[in-house]
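*Asks:* Give me a model of this one.
(one chain, ligands or ions: 1)
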Amino acid sequence: MGEEYVYVATSDVGRVIGRSGTTIRNLQDDSGCRIKVFRNDDGDVYTKVQLKGSTDTIDCAKNLISRITKLRVTGDHSDDESRVSGWGKSYVSSNQDDCSSKNQTTDDWDEPDTTATPVTQSSRTWSSDMMWSSGSSHTSGSSHGFKSGFNRRQIKIADRGRGSSYQQHSSSRQHHGTSQFNVPDSSGTERKVQIDWAALHAGRAEAVAKKWKGLPDIVKDFYNEDTEVASLSYSDVEAFRSDRNGISVVDLSDKDRLIPNPVKTFEQAFRDYPEIIDQIYKQEFVHPSPIQCQSWPVLLKGFDMVGIAQTGTGKTLAFLLPALIHINGQTVPRSERSGPTVLVLSPTRELALQIEKEVQKFCYKGIRSVCVYGGGNRKEQIKTVGRGVEIVIATPGRLNDLLMNGVLCLRSVTFLVILKHLCDVLLYYQILDEADRMLDMGFEPQIKKVLLDIRPDRQTVMTSATWPPGVRRLAESYMTDPFQVTVGTLDLQACKAVVQQVEFIEDSDKKERVMEFINDMIDGEKVLIFCSRKATADDLASDLLLHGYPVQSIHGDREQEDREQALEDFSTGAAPILVATDVASRGIDIKDITFVINFDFPMHIEDYVHRVGRTGRAGSTGKALTFMSRSNWKWARQLIKILSDACQVVPLELVSMAERYDKWCERNRDGRRY
Ligand SMILES: Nc1ncnc2c1ncn2[C@@H]1O[C@H](COP(=O)(O)OP(=O)(O)OP(=O)(O)O)[C@@H](O)[C@H]1O
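*Replies:* This next block holds a predicted model:
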């Protein structure tokens, strides 16, 4: 642990601290370095900032700060005023690429795009050698990454999502040979710089091998195929898959592998694990759901998998039961492992808590779990981790906090689950409401950091109900030769068990309509009302409360305790009305939600599917009512498709809305052309 001082222009202090300290928190999170800004009562032009941490985290912090301020470095660099090209830009938190961060080895590399934007500052000595030494500075303990003024972000990073680059060594997409960049020198004259990709990749592969050397092999194959399943003919398998809502399996590798046949019964999957079967029957499940029929053989066989199936169709158990078997089947005894075996990454706290409950229901072989999430009792979480756990279910922020502070080590993780829509988050930030977005700024780098701490030969599973093309590419880059198991189609699909209605309404009439709807509800029914903004949710919830309705609300501005209480009250029926933002739109599994109301149309069409999917779960039915006003017309066409695919009535007004919007777009296009 070292300490260094830098000076930032006093006029830039605000940039470093950010509104309510958001930026400084993000800088600390992203660099792993403690940052303290001293008071500057004398009105000096520069303000002193203390950086505490390892050499690498300090370098990283300097690099990040230098992007947003005029930074003067003390010590070795005392008179070296660094003015990098990011100057004056506001700090965006996805800055993982700016530094060889604390936990990382040289594998923390994305491949620069050969179409990259040239460096715009004094990079006279910039070369592929330098790039290498900068990336690996932490191993040598030096800090040339910063001293040289080199900033990896200055060459535009290509395909950021590919993040977990230790997987890329086996990827056919990696660069070989050399690439040339035009880089202006200090006089502004461009000169060519050559990067030897082959040398870079060779070095990286070596560093990765060194990092993970000496770990025990992972046992992945626990599958003892049932004779009846093994003897199914091709046509039997196809008929069964088609009968179970159209299961399809695609091998995303370029290997010629046999696709495991689906199982039809719990016994066919878990005959060797009677405790698991007992637990399944205790929950009164009769048949495996389609996604389970196909996922269990794939996962028990040890393959990576992407699982896509409609909301409420049992994706949690699809990965959880193989995970339990995986934990117990490793060669190193559980008590001798340096940390958890299974890590489940969740984007929201509520979903993490829900998964933990599911784990506890199964209590297989005394496997212990902990839910590590922001807003929860940190001390308690640390204590539980200290006692030893096999499963960690975590949101990325708190997980990184515990990793950074050495409370948790992920070296023993051999089974990774990236939950549902977390991959969406890697691509675009759509599922959390504004407060969560603020709190979790730096989500993407946090996830990438976590992935770098997990051995690359792990088994990885991702599940989701929606699978937009951008996410697909990204998700696959975190996996090794996955199978993709889909139930239904890859198109955006809402659950057919939900009756979906659309009502055209003025914004000002919505509240009254909601009250009318609630008045028609009968005892035992529950309604989940989605608003797009926290303020609207608050406003609606208080109005309902004032009118004497038993209502609760959940959004990112509420204390975690209140969020949990709200879900609890809704779950037990103490408050059968829950007003929520999209923090509750995904994954939340409350069995008897009768109605979903989209008070505001969601900001992304995927959210529509997830919101609607909070009802009609596990084979039950439900009803969703969506308010549409004129301002929502751009969604009309996509909504028509979702409604028709789910065999719902498409209102004529929706069709004419879509037509009007198409015409408007056409007119606009024409307008632009001429
Ligand atoms: N084989 C089964 N038979 C009946 N119910 C099941 C079965 N498997 C799981 N369930 C129940 O179905 C409900 C929904 O499961 P789960 O939460 O895993 O859905 P999901 O597919 O992950 O949904 P979402 O995409 O909305 O998160 C849960 O209450 C779960 O206990």
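*Asks:* Once you drop chain neighbours, what's closest to residue 476?
*Replies:* Among residues not flanking residue 476 along the chain, residue 252 sits closest, at 6.0 Å (C-beta to C-beta, 6 or more residues apart in numbering). In this view, the C-beta of every residue, glycine as well, is placed from N, C-alpha and C.
*Asks:* Confirm for me that that neighbour is in contact with residue 484.
*Replies:* Yes. If you go by C-beta atoms under 8 Å, residue 252 and residue 484 touch, sitting 5.5 Å apart.
*Asks:* Show me which of the two is the more surrounded one.
*Replies:* Between residue 252 and residue 484, residue 484 has the larger neighbour count (other C-beta atoms under 10 Å), namely 22 against 17.
*Asks:* does that one have beta-bridge partners, and which?
*Replies:* Beta bridges link residue 484 to residue 250, residue 306, judged by DSSP bridges.
*Asks:* From residue 307, how far off is it?
*Replies:* As judged by C-beta to C-beta, to the nearest Å, residue 484 and residue 307 stand 8 Å apart.
*Asks:* can you check residue 451 too?
*Replies:* Remark: distance between residue 451 and residue 307 (C-beta to C-beta) = 19 Å.
*Asks:* Likewise for residue 541?
*Replies:* Shown here: residue 541 relative to residue 307, a distance of 35 Å by C-beta to C-beta.
*Asks:* Name the residue in those two with the higher neighbour count.
*Replies:* Using other C-beta under 10 Å, the more surrounded residue of residue 541 and residue 307 is residue 307, with 27 against 24.
*Asks:* The more buried one contacts residue 482, correct?
*Replies:* No. Using C-beta under 8 Å as the test, residue 307 is too far from residue 482 to be in contact (9.7 Å).
*Asks:* Find the residues that touch each one of residue 252 and residue 484.
*Replies:* residue 306 (C-beta atoms under 8 Å, 6 or more residues apart in numbering).
*Asks:* Next up, the contacts around the residue nearest to residue 476.
*Replies:* By C-beta under 8 Å, 6+ apart, the contact list for residue 252 reads 306, 476, 479, 481-484.
*Asks:* Most proximal residue of the stretch 151-300 of the chain with respect to the ligand?
*Replies:* Per C-beta to the nearest ligand atom, residue 285 is where the stretch 151-300 of the chain lies closest to the ligand, at 3.7 Å.
*Asks:* And for that residue, nearest residue in space, chain neighbours not counted?
*Replies:* residue 266 (7.5 Å).
*Asks:* Tell me the residues of the stretch 301-450 of the chain that contact the ligand?
*Replies:* 309, 311-317, 420 (C-beta under 6 Å from any ligand atom).
*Asks:* switch to 8 Å and redo it
*Replies:* Neighbours of the ligand within the stretch 301-450 of the chain, by C-beta under 8 Å from any ligand atom: 309-318, 351, 354, 358, 420.
*Asks:* Of those residues, which belong to helices?
*Replies:* Secondary structure from DSSP state H places 315-318, 351, 354, 358 of those in helices.
*Asks:* Just the CA coordinates for stretch 278-285, please, in CSV.
*Replies:* C-alpha atoms of stretch 278-285 as CSV (Å, rounded to 0.1, in the frame of the first residue of the first chain):
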residue,chain,number,x,y,z
ASP,A,278,-36.9,-35.4,-3.3
GLN,A,279,-36.6,-31.7,-3.2
ILE,A,280,-38.2,-31.3,-6.6
TYR,A,281,-41.2,-33.3,-5.6
LYS,A,282,-41.4,-31.5,-2.3
GLN,A,283,-42.2,-28.4,-4.4
GLU,A,284,-44.9,-30.4,-6.2
PHE,A,285,-43.4,-30.1,-9.6
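*Asks:* List the buried residues of it.
*Replies:* Within stretch 278-285, the residues scored as buried using 16 or more other C-beta atoms under 10 Å are 279-280.
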